[in-house]
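In: need a structure here:
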Amino acid sequence: MDERRWQQIQEIFEQAVELPREAQPAAVAAQCAGDAPLEAEVMLMLEEDACANPLLDSGLHETARAVLDFGSLPSLVEREIGPYKLLRLLGEGGMGVVYLAERTDIGGQVAIKLLRDAWFSPMRRERFRMEQLTLAQLNHPAIARIYDSNTLEDGTPWFVMEYAEGLPLTEHWATNPGAVRDCLRLIRRVAEAVQYAHSHAIIHRDLKPSNILVTAAGEVKLLDFGIAKQLNAEEPQKNRTITGLRMMTLAYAAPEQLAGNPAGVYTDVYSLGVMLFELVTGRLPKRNLVNEAESDALEIERPSAVVRRDKPATRAQLTKAEWADLDALTLKALEPDPERRNRTVDALIRDLDALLEGRPLEAQPPSLAYTTARFIRRNRRALLGLAAALVLIAATIAFYTVRLERARNAALREAARTRSIQQFTESLFEGGDKSAGPSTELKAVELLDRGRQQAASLSGDPEMQADMQETLGGIYQKLGKLDLAEPLLVSSLAERQKLFGNSDPQVAASLVALGLLRKDQGKLEEAEKLVRQGIAILQQLPSLSQPDLAKAMVALGSVLEVRAKYDQAAEVLESALKLQPQGKDATSDTSENLTELANVYFYQGKYDQSEQLNNQAMAIDRRLSGDRNPAVAQELNNLGAIAMNRGNYPASEAY
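Out: This next block holds a predicted model:
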């Protein structure tokens, strides 16, 4: 029987054996499509598989056992073997039985494997001994270790292994399904254990899900080295045939095993490829005949095609390019010809890592386009970051270029403004006659009047004109010339609103200044409204100026004080004081804030607080301007009023 025919029989058998017995004939007939000899072969295999002891697939020792019919083995549960007590049966196979046991002296659970019917076959005893020797060479966290070995009184050999509590590979994946990348990482952990065995010149030759347990923590344990083989060790042809026909598992066996050819590390690679295909797609790989004239020309369906057809939701977990890499990786491991397959498990691990990390695979034909695409995908974040950095650098250069240009233009405007102020000041003192110079009897009021007239001529620089008008209006207000201050402050506000809109800090300053003028004019309701408008603008600015806001809040507090709204005034002034510089950094604005709050406390009858604040304000003013200045005089007067209200007239008179 050639390999192509055997593959057909195997594939149909593997699909039908999972069905109920009554459904098998119809399924086989449909698969064989009228090929009566093929159908007969498969049905014969199914009938033998259904038997308790399939003779056609048995060795001489098993045939003898079936004929002699000794019945089932007696249970060894509760029996003690050396320092071990058998607790329960874990599994029973063709060569041995495995029990869970507990060490009676120091505790701890282990697995004990006993060779069943050891007296039937010296070859089986030899293989059992070889499994012990093989496990003794291996010390890896993913391989069940051997601890002890001996024989029973009747000569039955046994050995003690590490007990791994978990599920077979496919059952674990079905119970705990994950993403495709998780599947790749799981197979990689299995491959690491196999590669470790290979590094000790040991081929497993029977890799399958039932020989790989996965713990609840996701760790793998590789079991059953019963038909493992030392590399470069000669095996008798008879043993090779028995291994090829009986001891391997057909669904996971490599083509060279099916053909009875020598096995190598590439044999375990094929089994790993089958398990990878099965976990990703949910089914075993099925080979499709490409050319009937060439019996070895077989093509395995790509995993991506199976997923697209059977598991469409899984398709989105990888990109199109990643699926192409997974196809190449899997099909490379499943190459029928060992020469075209991954020559080592390490090569398979390198490709698994490359796929997970986005690097080029060895399984893919090398090309500049492929390598470049993987480089870009692997370094996508870094390249995006680099591109963003370049864009940021370009934007920064553009930003600072524009900013420097604006700064230059602002400097030019400021220089022109400085010249204008200089000319404005000179004209005030010269009075229009440069040759005569300023009069020795020139008074401040005359300067103000000239300034008011000169400000009217600054229409070519409206921003400077608004500043001059606000300054001159404030001076007229302090001199009590409210009728002259009003048009200047009103004009300054209107000009600034025209220049900057209604959300500019200079507009806020004009509103506050005009509000204070309305307070002096006795228009208290309008005064409060204007100052509150100015505060609202300042509070909405993205970059809040605390000194400007504090100054506006002090203005509001003074208006509320005049309106006898003492509680509101105290609250506003206390909030403003928190924004003012304190201690050695205190300014005249801090002093003004303290004085206004002291006045409110005075009108509330809180003489102690008022006295304390007046003293603080006076200390600041004396430090800034000395003893002889109007602010100190006002604070002394306030202290005198407090002393008078307390009935301390001598102190009041002294203040």
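In: only C-alpha atoms for contact and neighbour calcs from this point on.
Out: Will do.
In: Where does the closest residue to residue 530 other than its chain neighbours fall, secondary structure wise?
Out: Among residues not flanking residue 530 along the chain, residue 515 sits closest, at 5.1 Å (Cα to Cα, 6 or more residues apart in numbering). For residue 515, the element it lies in under DSSP states H and E is helix 505-520.
In: and the next element down the chain from that helix?
Out: helix 524-540.
In: Show residues contacting that next one.
Out: 502-505, 507-519, 544-545, 548-549, 552-553, 555-556, 559-560, 562-563 (Cα atoms under 8 Å, 6 or more residues apart in numbering).
In: Stretch 342-357 too?
Out: Under Cα under 8 Å, 6+ apart, the answer for stretch 342-357 is 181, 184-185, 188, 191-192, 194-195, 265-266, 268-269, 322, 325-326, 329, 332-333, 360-363, 378.
In: Next: stretch 553-566.
Out: So stretch 553-566 is contacted by 512, 516, 519, 524, 527-528, 531-532, 535, 568-570, 572-573, 576, 593, 596-597, 600, 603-604 (Cα under 8 Å, 6+ apart).
In: Just the buried residues from the contacts of helix 524-540, in ChimeraX please.
Out: Filtering those down to the buried ones (16 or more other Cα atoms under 10 Å) takes a single ChimeraX command:
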select :502,504,505,507,508,509,510,511,512,513,514,515,516,517,518,519,548,549,552,553,555,556,559,560
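In: Which parts of this structure belong to which domain?
Out: 3-50, 68-162, 167-378, 581-655 (automatic domain parsing).
In: Would you tell me which of those gets closest to residue 456?
Out: domain 581-655 (30.8 Å; Cα to Cα).
In: Give me the subset of the contacts of stretch 342-357 that lies in helices.
Out: 181, 184-185, 188, 191-192, 194-195, 265-266, 268-269, 322, 325-326, 329, 332-333, 378 (DSSP state H).
In: Buried subset of these as a ChimeraX selection?
Out: Applying 16+ other Cα under 10 Å to those, the buried members can be selected in ChimeraX as follows:
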select :184,188,191,192,194,195,265,266,268,269,322,325,326,329,332,333,378
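In: Helices of the stretch 501-650 of the chain, start to end?
Out: 505-520, 524-540, 546-562, 566-579, 588-603, 607-625, 630-645, 649-654 (DSSP state H, counting those that start in this stretch).
In: Would you convert these into JSON lines that also reports mean pLDDT and distance to residue 216?
Out: Shown next, in JSON lines, are the helices of the stretch 501-650 of the chain (pLDDT from 0 to 100; distance: least, Cα to Cα, whole Å):
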{"stretch": "helix 505-520", "mean pLDDT": "94", "distance to residue 216": "67"}
{"stretch": "helix 524-540", "mean pLDDT": "95", "distance to residue 216": "58"}
{"stretch": "helix 546-562", "mean pLDDT": "94", "distance to residue 216": "61"}
{"stretch": "helix 566-579", "mean pLDDT": "95", "distance to residue 216": "61"}
{"stretch": "helix 588-603", "mean pLDDT": "95", "distance to residue 216": "70"}
{"stretch": "helix 607-625", "mean pLDDT": "95", "distance to residue 216": "73"}
{"stretch": "helix 630-645", "mean pLDDT": "96", "distance to residue 216": "82"}
{"stretch": "helix 649-654", "mean pLDDT": "96", "distance to residue 216": "90"}
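In: Need the ones you listed in a markdown table (columns: distance to residue 28).
Out: Putting these into a markdown table (distance: least, Cα to Cα, whole Å) gives the following:
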| stretch | distance to residue 28 |
| --- | --- |
| helix 505-520 | 90 |
| helix 524-540 | 82 |
| helix 546-562 | 89 |
| helix 566-579 | 91 |
| helix 588-603 | 100 |
| helix 607-625 | 105 |
| helix 630-645 | 112 |
| helix 649-654 | 121 |
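In: Quick check: which of these is nearest to residue 97?
Out: Nearest of the helices of the stretch 501-650 of the chain (Cα to Cα): helix 524-540, 82.6 Å.
In: Now do that closest one and helix 546-562, the angle between them.
Out: 160 degrees (axes from the mean of the first three to the mean of the last three Cα atoms, to 10 degrees).
In: Also compute the angle for helix 524-540 relative to helix 505-520, please.
Out: 160 degrees.
In: Please export the C-alpha coordinates of helix 524-540 as CSV.
Out: Extracted in CSV, the C-alpha atoms of helix 524-540 (Å, rounded to 0.1, in the frame of the first residue of the first chain):
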residue,chain,number,x,y,z
LEU,A,524,-23.1,102.9,43.4
GLU,A,525,-25.3,100.3,41.7
GLU,A,526,-23.6,101.0,38.3
ALA,A,527,-20.2,101.0,40.0
GLU,A,528,-20.8,97.5,41.4
LYS,A,529,-22.1,96.2,38.0
LEU,A,530,-19.1,97.5,36.1
VAL,A,531,-16.5,96.1,38.6
ARG,A,532,-18.2,92.7,38.6
GLN,A,533,-18.1,92.6,34.8
GLY,A,534,-14.4,93.3,34.9
ILE,A,535,-13.9,90.4,37.5
ALA,A,536,-15.9,88.0,35.3
ILE,A,537,-13.6,88.7,32.3
LEU,A,538,-10.5,88.1,34.4
GLN,A,539,-11.8,84.8,35.9
GLN,A,540,-12.6,83.4,32.4
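In: just to revisit the earlier point, for PyMOL, what selects the buried ones among the contacts of stretch 553-566?
Out: Here is the PyMOL command that selects the buried residues among the contacts of stretch 553-566 (16+ other Cα under 10 Å):
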select buried, resi 512+516+519+524+527+528+531+532+535+569+570+572+573+576+593+596+597+600
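In: Tell me which of the helices of the stretch 501-650 of the chain approaches residue 218 most closely.
Out: Using Cα to Cα, these put helix 524-540 closest to residue 218, at 57.1 Å.
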